[in-house]
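In: Give me the fold of what follows.
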Amino acid sequence: LQQSLREYFMHYQASMMTFNERSLLQMLSPELQARITNLANAPLIRQVPFFQHVEVRCISEVVLALQPSLFVPEEIILYCGDVGEEMYIIKSGVVQVYIEVGLGKEEKELAQLTKGAFFGELAILKGEGARRGAFIKSISYSIIYALSVNKMRPILDRFPSVRAAIEIVAKEREAATARASGGAGSR
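Out: Here you go, the predicted structure:
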C-alpha cells in the first residue's frame, strides 16, 4: 500500500499542471480561461470522433466542462452495472474495457483504449440511470477527463449534431458488448 501511494503521488506531482489548471484559471477572466483551456485541451477533444467537425464554440464549452482524475494501474474506473453519470476522455495512459463471463467471472477483454479515446458515452445520452455495460480498468497511470451528464446536457441541447453522432457510436458499442457477452449491454 505504501509503495502504491508513493507511486501515485509521484505521478500526481508529475502531472500537477493538469490538476492545478482549474485553480490557476479561476484567477483569469472567463474569456482568457476559455482561450487558454482551448489551447491546452481542444486538440485532445478533437480526437473524439463526434467532436471532430463541430464548431469552435462547442469545443470551448466541452473543454471548460472537463474534470481531470489520475488513475493508477489496476484501478477500476467503472464497474459493470453501476449507474453512469459521466463519459470519459483519456488524456494519457491505457485502459482496458472488459466484461466478466462464465461462472468463474473470467475477464474477457473487449478493447484497450489510449490517448484520445472515450468511454461511458451512453450515460450522456440516457442521463442518470444508464447502467454501465462493461468494466473499465486503468492499465497504466492514466489521466482521464470526465464530462458529467449535468454539464453535457445543455451542450447537447445547443449542438444536436453532437448528440446524433454520440447516439451512433453508443449503438455500435452496445451491439458489440451484447455480442461479446451473449446478451444486452453498453459501456
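
In: The closest residue in space to Gln26 that isn't next to it in sequence: how many residues sit nearby?
Out: Leaving aside its sequence neighbours, Gln26 sits nearest to Gln33 (Cβ to Cβ, 6 or more residues apart in numbering; 7.7 Å). No exception for glycine: its C-beta is placed from N, CA and C like everyone else's. Neighbours of Gln33 under the rule other Cβ atoms under 10 Å: 19.

In: mind listing what Gly129 touches?
Out: Taking Cβ atoms under 8 Å, 6 or more residues apart in numbering as the criterion, Gly129 is in contact with Val83.

In: In which helix or strand does it reside?
Out: Gly129 belongs to no helix or strand when assigned by DSSP states H and E.

In: hang on, the earlier thing: what mean pLDDT does the helix or strand hosting the residue nearest to Gln26 have?
Out: Under the criterion of DSSP H and E, Gln33 resides in helix 30-46. Mean per-residue pLDDT for helix 30-46: 86.

In: Could you list the residues in contact with that helix?
Out: So helix 30-46 is in contact with 21, 25-26, 28, 51-52, 56, 59-60, 62-64, 66, 89, 91, 115-116, 145, going by Cβ under 8 Å, 6+ apart.

In: which stretches of this structure form strands?
Out: Along the chain, the stretches classed as strands by DSSP state E are 67-71, 76-78, 86-92, 95-101, 106-113, 118-119, 135-138, 142-148.

In: Tell me which strands the fifth one pairs with, and in which orientation.
Out: Pairing partners of strand 106-113, with direction, according to DSSP bridges: strand 95-101 (antiparallel).

In: And the lowest mean pLDDT element among the helices and strands of the chain?
Out: helix 16-25 (a mean of 61; mean pLDDT, DSSP states H and E).

In: CA atoms only: put the longest helix anywhere in the chain into CSV for me.
Out: The single longest helix within the chain, with elements called by DSSP state H, is helix 160-181. The C-alpha coordinates for helix 160-181 follow below in CSV (Å, rounded to 0.1, in the frame of the first residue of the first chain):
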residue,chain,number,x,y,z
PRO,A,160,-27.8,18.5,-31.6
SER,A,161,-25.4,17.1,-34.3
VAL,A,162,-23.1,16.0,-31.4
ARG,A,163,-26.0,14.2,-29.7
ALA,A,164,-26.8,12.4,-33.0
ALA,A,165,-23.1,11.4,-33.5
ILE,A,166,-22.9,10.1,-29.9
GLU,A,167,-26.1,8.0,-30.5
ILE,A,168,-24.5,6.3,-33.5
VAL,A,169,-21.3,5.4,-31.5
ALA,A,170,-23.3,4.3,-28.5
LYS,A,171,-25.5,1.9,-30.5
GLU,A,172,-22.4,0.4,-32.2
ARG,A,173,-20.7,-0.1,-28.8
GLU,A,174,-23.9,-1.5,-27.2
ALA,A,175,-24.2,-4.0,-30.0
ALA,A,176,-20.5,-5.1,-29.7
THR,A,177,-20.8,-5.5,-26.0
ALA,A,178,-24.0,-7.5,-26.4
ARG,A,179,-22.4,-9.8,-28.9
ALA,A,180,-19.3,-10.3,-26.7
SER,A,181,-21.5,-11.1,-23.6
